[in-house]
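1. this one's structure only:
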(Lines give C-alpha, C1' and ligand atoms only; values in the text may rest on other atoms or scores of the structure.)
Protein backbone atom coordinates (compact mmCIF):
# COMPACT_ATOMS: atom_id res chain seq x y z
CA UNK A 1 0.00 0.00 0.00
CA UNK A 2 2.85 2.36 0.87
CA UNK A 3 4.45 1.72 -2.52
CA UNK A 4 1.13 2.39 -4.24
CA UNK A 5 0.86 5.80 -2.59
CA UNK A 6 4.46 6.62 -3.41
CA UNK A 7 3.92 5.67 -7.05
CA UNK A 8 0.69 7.67 -7.29
CA UNK A 9 2.23 10.82 -5.84
CA UNK A 10 5.31 10.42 -8.03
CA UNK A 11 2.98 10.83 -11.02
CA UNK A 12 1.88 14.19 -9.63
CA UNK A 13 5.53 15.27 -9.42
CA UNK A 14 6.28 14.23 -13.00
CA UNK A 15 3.18 16.04 -14.28
CA UNK A 16 3.79 19.22 -12.28
CA UNK A 17 3.84 21.50 -15.36
CA UNK A 18 0.63 19.96 -16.67
CA UNK A 19 -1.14 20.48 -13.36
CA UNK A 20 0.17 24.04 -12.97
CA UNK A 21 -1.18 24.93 -16.41
CA UNK A 22 -4.72 25.56 -15.13
CA UNK A 23 -3.70 28.49 -12.92
CA UNK A 24 -0.65 29.73 -14.79
CA UNK A 25 -0.98 29.09 -18.55
CA UNK A 26 0.95 32.25 -19.41
CA UNK A 27 4.22 30.84 -18.06
CA UNK A 28 3.77 27.35 -19.45
CA UNK A 29 6.27 25.65 -21.71
CA UNK A 30 4.19 23.37 -23.95
CA UNK A 31 7.12 20.97 -24.29
CA UNK A 32 6.83 20.17 -20.57
CA UNK A 33 3.10 19.40 -20.65
CA UNK A 34 1.81 15.83 -20.97
CA UNK A 35 -0.99 16.21 -23.53
CA UNK A 36 -1.22 12.54 -24.49
CA UNK A 37 -4.12 11.60 -22.14
CA UNK A 38 -6.25 14.48 -23.40
CA UNK A 39 -6.19 13.87 -27.17
CA UNK A 40 -4.86 17.32 -27.98
CA UNK A 41 -3.06 18.39 -31.14
CA UNK A 42 0.34 19.75 -30.05
CA UNK A 43 0.66 22.23 -32.92
CA UNK A 44 -2.80 23.71 -32.37
CA UNK A 45 -2.17 23.92 -28.64
CA UNK A 46 1.08 25.83 -29.16
CA UNK A 47 -0.51 28.29 -31.60
CA UNK A 48 -3.57 28.88 -29.42
CA UNK A 49 -1.51 29.28 -26.27
CA UNK A 50 0.77 31.77 -28.02
CA UNK A 51 -2.32 33.71 -29.07
CA UNK A 52 -3.66 33.70 -25.49
CA UNK A 53 -0.30 34.94 -24.19
CA UNK A 54 -0.10 37.82 -26.68
CA UNK A 55 -3.68 39.11 -26.46
CA UNK A 56 -4.11 41.47 -23.53
CA UNK A 57 -7.77 40.58 -23.03
CA UNK A 58 -6.99 36.87 -22.68
CA UNK A 59 -3.73 37.15 -20.77
CA UNK A 60 -5.33 39.66 -18.42
CA UNK A 61 -7.87 37.04 -17.34
CA UNK A 62 -5.11 34.79 -16.05
CA UNK A 63 -3.08 37.60 -14.52
CA UNK A 64 -6.23 38.60 -12.64
CA UNK A 65 -6.93 34.96 -11.70
CA UNK A 66 -3.47 34.55 -10.21
CA UNK A 67 -3.88 37.77 -8.23
CA UNK A 68 -7.31 36.70 -6.93
CA UNK A 69 -5.99 33.27 -5.90
CA UNK A 70 -3.13 34.85 -3.97
CA UNK A 71 -5.56 37.25 -2.29
CA UNK A 72 -7.84 34.35 -1.30
CA UNK A 73 -4.97 32.50 0.33
CA UNK A 74 -4.10 35.59 2.37
CA UNK A 75 -7.74 35.93 3.46
CA UNK A 76 -7.91 32.26 4.43
CA UNK A 77 -4.73 32.51 6.47
CA UNK A 78 -6.01 35.61 8.27
CA UNK A 79 -9.31 33.95 9.16
CA UNK A 80 -7.56 30.80 10.33
CA UNK A 81 -5.07 32.76 12.43
CA UNK A 82 -8.00 34.55 14.09
CA UNK A 83 -9.95 31.28 14.50
CA UNK A 84 -12.81 32.61 12.40
CA UNK A 85 -13.78 29.23 10.99
CA UNK A 86 -17.31 30.15 9.96
CA UNK A 87 -16.15 33.08 7.83
CA UNK A 88 -14.13 30.68 5.66
CA UNK A 89 -17.41 29.64 4.04
CA UNK A 90 -17.91 33.20 2.79
CA UNK A 91 -14.67 33.21 0.80
CA UNK A 92 -15.19 32.37 -2.89
CA UNK A 93 -14.21 28.85 -3.89
CA UNK A 94 -10.92 28.54 -5.75
CA UNK A 95 -12.46 26.04 -8.17
CA UNK A 96 -15.16 28.51 -9.17
CA UNK A 97 -12.61 31.24 -9.92
CA UNK A 98 -10.45 28.91 -12.01
CA UNK A 99 -13.41 27.53 -13.93
CA UNK A 100 -14.77 31.04 -14.48
CA UNK A 101 -11.50 32.18 -16.05
CA UNK A 102 -11.44 29.22 -18.43
CA UNK A 103 -15.13 29.53 -19.31
CA UNK A 104 -14.57 33.17 -20.26
CA UNK A 105 -12.14 32.26 -23.06
CA UNK A 106 -13.69 32.20 -26.54
CA UNK A 107 -14.27 28.83 -28.22
CA UNK A 108 -11.54 29.55 -30.77
CA UNK A 109 -9.13 28.36 -28.06
CA UNK A 110 -10.61 24.86 -28.08
CA UNK A 111 -7.35 22.95 -27.60
CA UNK A 112 -6.21 25.17 -24.73
CA UNK A 113 -9.62 24.84 -23.07
CA UNK A 114 -9.68 21.07 -23.67
CA UNK A 115 -6.38 20.74 -21.82
CA UNK A 116 -7.58 22.93 -18.96
CA UNK A 117 -10.86 21.04 -18.57
CA UNK A 118 -9.02 17.74 -18.81
CA UNK A 119 -6.65 18.71 -16.01
CA UNK A 120 -9.51 20.10 -13.92
CA UNK A 121 -11.38 16.81 -14.11
CA UNK A 122 -8.48 14.41 -13.49
CA UNK A 123 -9.72 13.93 -9.94
CA UNK A 124 -13.43 13.94 -9.21
CA UNK A 125 -12.97 16.47 -6.43
CA UNK A 126 -11.39 19.15 -8.63
CA UNK A 127 -14.39 20.23 -10.65
CA UNK A 128 -17.48 22.20 -9.77
CA UNK A 129 -20.87 20.69 -10.48
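-> Structure received. Quick caveat: nothing in here was measured; it's all calculated off a predicted structure.

2. for this protein, where's the lowest mean pLDDT among helices and strands?
-> helix 2-14 (a mean of 70; mean pLDDT, DSSP states H and E).

3. find me the pLDDT at the residue nearest the centre of the chain, would you?
-> Closest residue to the average C-alpha location of the chain: residue 22 at 2.0 Å, with Cα atoms, centre = their mean. On the pLDDT scale, residue 22 is placed at 90.

4. look at it and give its secondary structure.
-> coil (DSSP: H, G, I helix; E, B strand; the rest coil).

5. next, give phi and psi for it.
-> Recorded main-chain torsions at residue 22 are phi -70, psi -30, according to degrees, to the nearest 10.

6. which helix or strand contains the nearest residue to residue 39 once chain neighbours are set aside?
-> Leaving aside its sequence neighbours, residue 39 sits nearest to residue 114 (Cβ to Cβ, 6 or more residues apart in numbering; 7.7 Å). For glycine as for every other residue, the C-beta is placed from the backbone atoms N, C-alpha and C. In this structure, residue 114 sits in helix 110-120 according to DSSP states H and E.

7. enumerate every residue touching the residue nearest to residue 39.
-> Contacts for residue 114 (Cβ atoms under 8 Å, 6 or more residues apart in numbering) come out as 38-40.

8. who wins for neighbours among the residues you listed?
-> Neighbour counts for the contacts of residue 114 peak at residue 40, which has 19 neighbours (criterion: other Cβ atoms under 10 Å).

9. export the contacts of residue 114 to CSV and tack on distance to residue 51 and pLDDT?
-> Output for the contacts of residue 114, formatted as CSV (distance: Cβ to Cβ, whole Å; pLDDT from 0 to 100):
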residue, distance to residue 51, pLDDT
38, 19, 90
39, 20, 91
40, 15, 92
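
10. all good on my end, thank you.
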